[in-house]
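[1] Have a look; sequence and predicted model below, questions after that.
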Amino acid sequence: MLGNFSHLKIIFAGGQKEGLSTLALVVVLTIAMKGVFLCFALMAMCYRYRNNKKGFSFHFGF
């Protein structure tokens, strides 16, 4: 097989953790994804408003 690599260790430069924590990255990415979703939803609503001859309506196809 591949052998025993338990003697190998990963050493980071400086020995300290830098950057954002995992929770902070999750929060930032969640906010960014919600922003992108809201942007596309607003663009779709504006496009629908411009192409609708009768005016704006909230019809969801039900």
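    The structure has been received and is ready for your questions. Please read all numbers here as calculations on a predicted model, not as lab measurements. Numbering: from 1, shown residues only.

[2] For V28, which non-adjacent residue is closest in space?
    Using C-beta to C-beta, 6 or more residues apart in numbering and skipping the chain neighbours, the partner closest in space to V28 is L20 (7.3 Å). For every residue, glycine as well, the C-beta is placed using N, CA and C.

[3] could you measure that neighbour against M33, distance?
    Using C-beta to C-beta, to the nearest Å, one obtains 16 Å as the distance from L20 to M33.

[4] Same check on L25?
    Distance from L25 to M33, by C-beta to C-beta: 12 Å.

[5] got it, and R48?
    Computed as C-beta to C-beta, the R48 to M33 distance reads 23 Å.

[6] again, but for C39
    As judged by C-beta to C-beta, C39 and M33 stand 11 Å apart.

[7] one step back: can you tell me the SS state at the residue nearest to V28?
    coil (DSSP: H, G, I helix; E, B strand; the rest coil).

[8] That one - how many residues pack around it?
    Residues near L20, counting by other C-beta atoms under 10 Å, number 11.

[9] From what I see, it and V27 are in contact.
    No - the pair L20 / V27 is not scored as a contact, 9.2 Å apart, by C-beta atoms under 8 Å.
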